[in-house]
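Student: Okay, sequence plus prediction incoming.
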Amino acid sequence: MSQSAIQTLIATIAGVVMATTIYFLACRGRLSFRYTVGWLVLCLFGITAGASVPIAQPLAKILKVTPAALLSIGAVFLLLAICVQISISISGMQEQIRRLTEEAAETKLRLQEFQSKEI
Amino acid sequence: MLVIVPAYNEANSIADVLIELQSFNFNILVVSDGSTDRTCEIARDVGVRVLDLPINLGVGGALRAGFRLAVKEKYEAVVQIDADGQHPADEIHSLIAAANNHQAHLVIGSRFLSKETSMEVGAIRRLVMRVLAQSSSRATGINITDTTSGFRIICEPLLSKFATSFATNYLGDTYEAVVAAGRSGYKVIEIPAALRERTYGESTASIAQSIRFTVKGLVVAALHLHQRI
């Protein structure tokens, strides 16, 4: 088996395993639809990565890097971008939790004061 | 003026602190930061209002919740004081007087300016405080000696700004708040304020944490990443 065939096979197996895992996580409600779609698209990229080496060759030649290095750099930056997006989401959610906590505490205080006035 | 007492599991000391504050007829609000002991119950028993946060948000988070309530209830100024009995309540009048006399938006009670301070600060912690003090002095344009003091008065319009934008991480409520206020043009001053040893418990931050958060705080200040107010 040629080196590129082995690369394609490894990438395909890894991609299928990841896609299956994501599918089951989504089925059990552990991943929202938005993230499921996002990660499945990435798995698809992973599956086709091995086969993409010849496609990346012309650009790699222009940039004077190997196709594998070009794909790796692309993958790293894509994952970084996703991590940044997730970090933004988490930061926003932290602020939402904070606001919700403040509101809950304030509502509880007002209710207690109202109840003590009633008594 | 409202006195805000952020408290996290301070059941052993909170009653004494609140009774001392009540003797001066201050309006008091305890913000329980997700306490799991009897802090809320004790505070209510002595007749103080309690804002009981269901989860722990950190001192900054508790303070912001208190600031929000103060702004909603049209208070013009807020005094923050620790629940561990370190701050003598009679010093609050000095904070109020300083804010009025100097038209200051933020007045910090400095333990290092006071000759009556009885608490001891370790060498590393003192060094950390000095580094932070120098950094906040540059931001405010005045000589700050105790940027991490949790004894301060915040007046409008800065209070409204802090009610919406207030760093909630460790040192965010003290050092970063001073830097943010100074850089936004608010008047920050410092006055001597005697501090006592903690009545109960220990400081929540270890030396390693102090250094880590100091480095983080300095990076935040250097890169202007603090809350915009």
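Tutor: Yes, it's here. All figures in this text were calculated on a predicted structure; none of them were measured in a lab.
Student: so where's chain B uncertain?
Tutor: For chain B, the stretches flagged by pLDDT under 70 are B:116-121, B:197-206, B:210, B:225-228.
Student: Walking through it, point out its helices one by one.
Tutor: Secondary structure of chain B (DSSP state H): helices at B:14-22, B:39-45, B:58-72, B:92-102, B:123-140, B:158-164, B:177-183, B:207-222.
Student: Enumerate the residues of chain B near chain A.
Tutor: By Cβ under 8 Å from any Cβ of the partner chain, the residues of chain B that approach chain A are B:31, B:49-55, B:57, B:61, B:64-65, B:68-69, B:72, B:168. Glycine gets a C-beta too; all of them are placed from N, C-alpha and C.
Student: Selecting buried members of these in ChimeraX, what would you type?
Tutor: The buried subset of the residues of chain B next to chain A, as determined by 16 or more other Cβ atoms under 10 Å in any protein chain shown, is captured in ChimeraX by this line:
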select /B:31,49,50,51,52,53,57,61,64,65,68,69,168
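Student: Which single one of the residues of chain B next to chain A is nearest to residue A:24?
Tutor: residue B:55 (30.6 Å; Cβ to Cβ).
Student: Find the nearest non-adjacent residue to the closest one, please.
Tutor: residue B:34 (4.9 Å; Cβ to Cβ, 6 or more residues apart in numbering or on different chains).
Student: pretty sure the one you found is touching residue B:54, no?
Tutor: Yes. At 6.6 Å, residue B:34 counts as touching residue B:54 under the criterion of Cβ atoms under 8 Å.
Student: Find the residue at the geometric middle of chain B.
Tutor: Nearest to the geometric centre of chain B sits residue B:150, at 2.9 Å (Cα atoms, centre = their mean).
Student: what sits against it?
Tutor: B:59, B:80, B:81, B:82, B:86, B:87, B:173, B:174 (Cβ atoms under 8 Å, 6 or more residues apart in numbering or on different chains).
Student: Which members of those residues are positioned in strands?
Tutor: Per DSSP state E, strands hold the following members of the contacts of residue B:150: residue B:80.
Student: Reformat the contacts of residue B:150 as JSON lines; add distance to residue B:219 and neighbour count.
Tutor: Converted to JSON lines, the contacts of residue B:150 look like this (distance: Cβ to Cβ, whole Å; neighbours: other Cβ atoms under 10 Å in any protein chain shown):
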{"residue": "B:59", "distance to residue B:219": "20", "neighbour count": "24"}
{"residue": "B:80", "distance to residue B:219": "25", "neighbour count": "26"}
{"residue": "B:81", "distance to residue B:219": "29", "neighbour count": "27"}
{"residue": "B:82", "distance to residue B:219": "26", "neighbour count": "19"}
{"residue": "B:86", "distance to residue B:219": "28", "neighbour count": "23"}
{"residue": "B:87", "distance to residue B:219": "30", "neighbour count": "28"}
{"residue": "B:173", "distance to residue B:219": "17", "neighbour count": "25"}
{"residue": "B:174", "distance to residue B:219": "16", "neighbour count": "24"}
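Student: From the centre of chain B, point out the most distant residue.
Tutor: residue B:45 (24.3 Å).
Student: which other helices and strands contact the lowest-mean-pLDDT helix or strand in chain A?
Tutor: Every helix and strand in chain A was compared by mean pLDDT, DSSP states H and E; the lowest is helix A:33-63, with a mean of 84. Under the contact criterion of 3 or more Cβ pairs under 8 Å, 6 or more residues apart in numbering or on different chains; DSSP states H and E, helix A:33-63 touches helix A:3-27, helix A:67-118.
Student: Now do the first one: everything it contacts.
Tutor: When contacts are taken as Cβ under 8 Å, 6+ apart, the neighbours of helix A:3-27 outside the stretch itself are A:1, A:31, A:33, A:36, A:39-40, A:43-44, A:46-51, A:53-54, A:68.
Student: Just list whatever residues bridge to residue B:154.
Tutor: Beta bridges link residue B:154 to residue B:78, residue B:106, judged by DSSP bridges.
Student: I figured it was touching residue B:80, is that so?
Tutor: Yes. Applying Cβ under 8 Å as the test, residue B:154 and residue B:80 come out as touching, 7.2 Å apart.
Student: wait, what's in contact with residue B:53?
Tutor: A:101, A:102, A:104, A:105, B:31, B:32, B:33, B:34, B:61, B:62, B:65.
Student: swap that for residue B:151, sorry
Tutor: B:80, B:81, B:82, B:86, B:87, B:91, B:95, B:108, B:109, B:193, B:195.
Student: Tabulate these (TSV), appending distance to residue B:224.
Tutor: Formatted as TSV, the contacts of residue B:151 follow (distance: Cβ to Cβ, whole Å):
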residue	distance to residue B:224
B:80	25
B:81	30
B:82	29
B:86	31
B:87	31
B:91	33
B:95	28
B:108	21
B:109	27
B:193	29
B:195	31
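Student: Closest one of these to chain A?
Tutor: Ranked by distance to chain A (Cβ to the nearest Cβ), the contacts of residue B:151 are led by residue B:80 at 16.2 Å.
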